[in-house]
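Chemist: After the sequence you'll find the predicted model.
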Amino acid sequence: MIKMTNVYKKYPNGITAINGLDVSIDQGEFVYVVGPSGAGKSTFIKMIYREEVPTKGTVKVGEFDLVGLKAKKVPYLRRHVGVVYQDFKLLPRLTVFENVAYAMQVVGKNSKQIQKRTLEVLDLVGLKHKVRMFPNELSGGEQQRVAIARAIANMPRVLIADEPTGNLDPETAWGIMDLLEEINNQGTTIIMATHNSDIVNRVRHRVLAVENGRIARDQEGGEYGYES
Amino acid sequence: MIKMTNVYKKYPNGITAINGLDVSIDQGEFVYVVGPSGAGKSTFIKMIYREEVPTKGTVKVGEFDLVGLKAKKVPYLRRHVGVVYQDFKLLPRLTVFENVAYAMQVVGKNSKQIQKRTLEVLDLVGLKHKVRMFPNELSGGEQQRVAIARAIANMPRVLIADEPTGNLDPETAWGIMDLLEEINNQGTTIIMATHNSDIVNRVRHRVLAVENGRIARDQEGGEYGYES
Amino acid sequence: MKAKTFWRHIKESLKSIKRNGWMTVAAVSAVAVTLLLVGSFIAILMNVNKLATDVEEDVSVRVYIDLAAEEEDQEALQQNLEDIDDVEQVVFSSRDDELSQVIGSYGDEFGLFDGDDNPLHDVFILNTAAPEATADVADQAEEFSYVADVNYGGATADRLFEVMGTVRNVGGIIIVALIFTAVFLIANTIRITIFSRRTEIEIMKLVGATNWFIRWPFLIEGALIGFIGALIPVTAISYVYLTGFDRVMEFLYGTYFGLLEPNPFLIQLVVLLLAIGVLIGSIGSSLSIRKFLKV
Amino acid sequence: MKAKTFWRHIKESLKSIKRNGWMTVAAVSAVAVTLLLVGSFIAILMNVNKLATDVEEDVSVRVYIDLAAEEEDQEALQQNLEDIDDVEQVVFSSRDDELSQVIGSYGDEFGLFDGDDNPLHDVFILNTAAPEATADVADQAEEFSYVADVNYGGATADRLFEVMGTVRNVGGIIIVALIFTAVFLIANTIRITIFSRRTEIEIMKLVGATNWFIRWPFLIEGALIGFIGALIPVTAISYVYLTGFDRVMEFLYGTYFGLLEPNPFLIQLVVLLLAIGVLIGSIGSSLSIRKFLKV
Ligand SMILES: Nc1ncnc2c1ncn2[C@@H]1O[C@H](COP(=O)(O)OP(=O)(O)OP(=O)(O)O)[C@@H](O)[C@H]1O
Ligand SMILES: Nc1ncnc2c1ncn2[C@@H]1O[C@H](COP(=O)(O)OP(=O)(O)OP(=O)(O)O)[C@@H](O)[C@H]1O
Ligand SMILES: [Mg+2]
Ligand SMILES: [Mg+2]
């Protein structure tokens, strides 16, 4: 499903965020990405939906070869990948409802489907009562949940979540974990970067520990933690 | 030091985020603010440095009466209060160094002092090697640490931290906690909104549990947790 | 593009116009002020040009009739003159009329020559269709019998034509420069407003929108801003021109001079302003978002 | 404000100008294009006004000398005419000169009156210092002895003065309107650029900056953008005016007409454009950030 071979990513400012990374993730897996701050987790994740392109190496996601991918094809890749961004990336001038709906309009769904599904996912994250609000009228955790709702709305084949519980209280965080588990059980690949050791240790899945831009540990059902 | 009496805050969109809150915090205290997502923690905190003004009730911080405070005096209040914002609020066009330095220039410190102190606090949060970078070149956790460095640069009398470890791995988070403890030992009042139950339960301090815009529990050396 | 999708784009752009509130107002007023300026100047310059043409056309060829001409000869001559290709009008001015003019300009002394002492000739005054034809008409008129002399201001008139030609060229250059300026200023304003929304565009791209899905609402929004911005100067200029036209024409009544008729001139101007607004608004915004679409 | 603090503000604004890159370019070019437009029109209109004045001053009073006047009488009259307050120049034109003019305008028939048959008078042609004085000078001239008649185009000249007055008023209105337009367009552009930086301003405020600490760098930045934006049209206009001036003056050599001298006109125009750029840039940005300072 996702295959990275010998990947390097050097940012224009000279920092090498990914430094020879190899990994392969199958359809339907649930993978935690852990590692210290600045290790390259977000960069690794950004290469899966092609926000960043590797300086060297190959990245394959399903039938897409991301390094040679034509700019025109990128949107179609992204429709198969739902992303919860670390900084949410909500559209400031759209309401909560419209933010989620937008991701579905993009795919060309019809209004009825959109209406129904949007309310459904917003209900799942516990925000059905805030559909009319704008992002800047929400608390940090509420914004994060809108981002989650948007990412799952299209039932993507891959769901990427960069620190999806960073602004959530434990109870809400567990609710979100239940949701992700359920989605995973329906066959969606889930890749989740997290600092939440509680979650990683209690809900065991494959753990990728990233350090200095490399996979330092790749362990099925592993614990949170990394050498440092 | 900080005293809120019968405070209400209704946002223009009709949501009552704070709903009759009373609390008093002494100089030198270390207070955790916990509670579910959307409980009103950030709103409570914003009223301390007057980003939000209560709709009803009184807020006093040191000698400042925040409800009647003249607009001209607000900057001087804020110089006594260091804030780590939940969404960081770094200046996008300034480098890491300049972001921290700006908070000190505002107070009128001289360049030498600024130079020295800025490097000092950036070293404390482990970012001395990234002084020349711009915020959008940093990882989530790095941005959060710059925000922390800026908040403590002026050695404020009150340090407010809204979810300061949400984007940090546990190890870095504990480093930041040590830092806050040390600052607290030097007499600074610390108010920290957090979802990190590990920290709250291991480093015991006064816990304010906010629920539905009210203080549901106010317990010296309490545990993380709230009814819900 | 399906009709439904198109509808959605229009709805999106209307929403955006509304929610951008202040920014929309700023962009619309920039378009309005720019087009008001350009529209007013075009109206003024085109009318100056019209006046220049009127002045030129006012240059006439004077054909002095031989003293020996009988009434029939004179009529035949008039017929001949009227038959010249570029001649529009032939007016007769008797020697008495001529003398009164001289008296008017040079003083009563010439009153002495009143009546039979009048040394002047009867004259046919020819107006040509195009000022350029003047010299040619004069040459042709000279060939007819019973023509004592032909006169059209010669060098003076040529000089006048030259000056008017310059006026006309300068006016044309100014109008073209004005239109370019308007295009630049409007496109620049649109660009700045879009620049302030680059993060939005980047997010749309990240969420999987194709370039055209993002572009359409911006394009429509730009066109609407341009259209609304153009409506204001179009209304103002039309009102002022229509009111002003009647007054000025009244003032100029009886002279050779006149303003450009509102139909078609004003209509063309209105179409031009609306076209600049709509086209630059839409093309400008569509080009401006291009660089933010590369995410 | 301490000198050191002021220095810091200047450094901050330079940094901001550099880092805003694209936005700075957009703002500067908007200022440049606007001022180029306004500057060019002011230059054109002021010179048209100058030409109008020249035309007016070209209107002269013709004093017909009585046929009975001896040479001394004529000299005395000339002295008297020269002594009239508003008279600038007195030129003598003999009856022969006058007749050649008539022949030039009305045809050779008048050649009959050559020599002693000439019915015309000798004439003094007076040029007045100010066109308004024409009628008055004519009245005074009429009182002197050996004056047969006085003539200054009467109704025609009055009509000319009226038209020129209108031209001058319209020109003045257009210039004022242009300046307002420039002020609006520049202020509007600055406002939009600042609007896109509102979050920055809000953060500065949250970090404890006073309003003036935030305002100064923006104000200086606005002034610099206005200044740089004005330099471009100032250079262009100066170059074109100085080159064009010599050519046009050569062309107009020997006529009563002339362009405005670069000193002081061009200097005043340059100062005006720079002032608009710098003042509107700084005041505009300082006013625009006001509403974002209320945090
Ligand atoms: N756009 C960028 N330009 C330049 N450098 C960048 C950029 N984004 C990230 N970096 C650098 O690359 C490194 C890895 O960043 P990344 O965001 O991948 O870290 P992370 O593992 O997600 O950290 P965190 O847990 O703090 O979010 C960091 O050192 C960061 O400074
Ligand atoms: N600017 C605003 N305008 C309108 N409503 C707001 C605004 N900010 C917050 N709210 C609402 O007020 C309530 C409390 O928000 P607040 O940010 O204080 O929550 P919080 O306790 O900090 O939550 P979190 O843990 O998710 O950050 C929420 O319901 C939110 O929707
Ligand atoms: Mg990250
Ligand atoms: Mg909060």
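Modeler: Perfect, thanks for sending it. Owing to the predicted nature of the structure, the values given are computational and were not obtained by experimental measurement. Residues are numbered from 1 along each chain as shown, chains lettered A, B, ... in the order given. Ligands and ions are numbered 1, 2, ... in the order given.
Chemist: interface residues of the stretch 51-200 of chain C facing chain A?
Modeler: Selection of the stretch 51-200 of chain C residues close to chain A by CB under 8 Å from any CB of the partner chain yields residue C:200. The way it works is simple: take the backbone N, C-alpha and C, and place the C-beta from them, glycine included.
Chemist: So which residues of the stretch 51-200 of chain C form strands?
Modeler: With DSSP state E, counting those that start in this stretch as the criterion, the stretch 51-200 of chain C has strands at C:60-65, C:87-93, C:123-128, C:147-151.
Chemist: Can you pull up the most central residue in chain C?
Modeler: The residue lying closest to the centre of chain C (CA atoms, centre = their mean) is residue C:46, at 2.6 Å.
Chemist: low-scoring stretches of the stretch 1-150 of chain C, by residue?
Modeler: By pLDDT under 70, the low-scoring segments of the stretch 1-150 of chain C are C:1, C:58, C:102-117, C:131.
Chemist: Can you give me the neighbour number for the closest residue to chain A within it?
Modeler: When distances are taken as CB to the nearest CB, the stretch 1-150 of chain C reaches nearest to chain A at residue C:19, 4.8 Å away. Residue C:19 has 14 neighbours, counted by other CB atoms under 10 Å in any protein chain shown.
Chemist: SS state for the closest residue to it other than its chain neighbours?
Modeler: Excluding its sequence neighbours, the residue lying closest to residue C:19 (CB to CB, 6 or more residues apart in numbering or on different chains) is residue A:93, at 4.8 Å. Secondary structure state of residue A:93, per DSSP: H, G, I helix; E, B strand; the rest coil, is coil.
Chemist: The helix or strand hosting residue A:159 pairs with which strands?
Modeler: Assigned by DSSP states H and E, residue A:159 belongs to strand A:158-162. Here strand A:158-162 has these sheet partners by DSSP bridges: strand A:81-84 (parallel), strand A:189-193 (parallel).
Chemist: How about residues contacting that strand?
Modeler: Identification of contacts with strand A:158-162 by CB atoms under 8 Å, 6 or more residues apart in numbering or on different chains yields A:1-2, A:41-42, A:45, A:48-49, A:61, A:80-86, A:148, A:151-152, A:180, A:183, A:188-194, B:140.
Chemist: List buried residues within these.
Modeler: Among the contacts of strand A:158-162, the ones that count as buried by 16 or more other CB atoms under 10 Å in any protein chain shown are A:2, A:41-42, A:45, A:48-49, A:61, A:80-86, A:148, A:151-152, A:180, A:183, A:188-194, B:140.
Chemist: Can you tell me how far the residue most central in space within chain A is from residue A:146?
Modeler: For chain A, the residue lying nearest the average C-alpha position, counting by CA atoms, centre = their mean, turns out to be residue A:160 (2.0 Å). Applying CB to CB, to the nearest Å, the value for residue A:160 to residue A:146 is 16 Å.
Chemist: Which segments of chain A make up each domain?
Modeler: When chain A is parsed with automatic domain parsing, its domains come out as A:1-80+A:156-223, A:90-155.
Chemist: Could you single out the most deeply buried of these?
Modeler: Across those, averaging neighbours per residue (mean count of other CB atoms under 10 Å in any protein chain shown) puts domain A:90-155 on top, at a mean of 20.
Chemist: That one and ligand 2 in contact?
Modeler: Yes - Domain A:90-155 is in contact with ligand 2 by CB under 6 Å from any ligand atom, via A:136-142.
Chemist: Give me the mean pLDDT for that domain.
Modeler: Taken as a whole, domain A:90-155 has a mean pLDDT of 95.
Chemist: Between the two ends of it, how far is it?
Modeler: Taking CA to CA, to the nearest Å, domain A:90-155 runs 19 Å from one end to the other.
Chemist: other SSEs contacting the lengthiest helix in chain A?
Modeler: In chain A, taking DSSP state H as the definition, the longest helix is helix A:170-185. Secondary-structure packing of helix A:170-185 (3 or more CB pairs under 8 Å, 6 or more residues apart in numbering or on different chains; DSSP states H and E): strand A:30-34, helix A:140-153, strand A:158-162, strand A:189-193, helix A:197-202.
Chemist: Give me the pLDDT for residue C:153.
Modeler: 63.
Chemist: Check the spacing between the residue lying closest to residue A:121 once chain neighbours are set aside and residue A:131 real quick.
Modeler: Of all residues not flanking residue A:121 in the chain, residue A:149 sits nearest, at 4.2 Å (CB to CB, 6+ apart). For residue A:149, the distance to residue A:131 equals 10 Å [CB to CB].
Chemist: now swap in residue C:252 and tell me
Modeler: Per CB to CB, residue C:252 is found 66 Å from residue A:131.
Chemist: Repeat that for residue C:292.
Modeler: For residue C:292, the distance to residue A:131 (CB to CB) stands at 28 Å.
Chemist: before we move on, what about residue C:123?
Modeler: According to CB to CB, residue C:123 and residue A:131 sit 89 Å apart.
Chemist: go on, residue C:125?
Modeler: 83 Å.
Chemist: How about residue C:79?
Modeler: Distance check for residue C:79 against residue A:131: by CB to CB, it reads 89 Å.
Chemist: so what's residue C:46 up against?
Modeler: C:171, C:175, C:260, C:265, C:269 are the contacts of residue C:46 under CB under 8 Å, 6+ apart.
Chemist: Which among the strands paired with strand A:158-162 is found nearest to ligand 2?
Modeler: For the strands paired with strand A:158-162, the distance to ligand 2 is smallest for strand A:81-84, at 15.0 Å, taking CB to the nearest ligand atom.
Chemist: Show me how far that closest one is from its chain's centre.
Modeler: The chain centroid and the centroid of strand A:81-84 are separated by 4 Å under CA atoms, centre = their mean, to the nearest Å.
Chemist: Please apply the same query to stretch A:148-160.
Modeler: On CA atoms, centre = their mean, the centre of stretch A:148-160 falls 8 Å from that of its chain.
Chemist: Could you do stretch C:215-228 as well?
Modeler: For stretch C:215-228, the distance to the chain centre is 29 Å (CA atoms, centre = their mean).
Chemist: Repeat that for stretch C:206-223.
Modeler: That offset, for stretch C:206-223, works out to 38 Å (CA atoms, centre = their mean).
Chemist: Determine whether any part of it lies close to chain A.
Modeler: Yes - using CB under 8 Å from any CB, we find that stretch C:206-223 touches chain A at C:206-211, C:213.
Chemist: Can you show me the helices along chain C?
Modeler: C:3-19, C:22-57, C:71-83, C:95-106, C:134-143, C:154-195, C:198-206, C:211-251, C:262-288.
Chemist: And the last one, what's buried?
Modeler: Going back to what we said before, that points to helix C:262-288. By neighbour count on 16+ other CB under 10 Å, the buried set for helix C:262-288 is C:265-266, C:269-270, C:272-274, C:276-278, C:280-288.
Chemist: what's the angle from it to helix C:3-19?
Modeler: 90 degrees (axes from the mean of the first three to the mean of the last three CA atoms, to 10 degrees).
Chemist: Looking at helix C:262-288 now, give me its mean pLDDT.
Modeler: Per-residue scores along helix C:262-288 average to 94.
Chemist: Check which helices and strands it sits against.
Modeler: Applying 3+ CB pairs under 8 Å, 6+ apart, we find helix C:262-288 packed against helix C:22-57, helix C:154-195, helix C:211-251.
Chemist: Likewise for the first one?
Modeler: In terms of contact count using 3+ CB pairs under 8 Å, 6+ apart, helix C:3-19 is assigned the packing partners helix C:211-251.
Chemist: Wondering if the helix it packs on reaches chain D at all.
Modeler: No - under the criterion of CB under 8 Å from any CB, helix C:211-251 makes no contact with chain D; the nearest approach is 10.3 Å.
Chemist: and that helix with helix C:22-57, angle?
Modeler: When the same axes, to 10 degrees is applied, the directions of helix C:211-251 and helix C:22-57 differ by 40 degrees.
Chemist: and helix C:211-251, how far from the chain's centre?
Modeler: 18 Å.
Chemist: same check, this time on stretch A:94-107
Modeler: With CA atoms, centre = their mean as the basis, stretch A:94-107 stands 17 Å off its chain's centre.
Chemist: can you list the domains in chain C?
Modeler: According to automatic domain parsing, the ranges for chain C are C:3-56+C:159-293, C:60-152.
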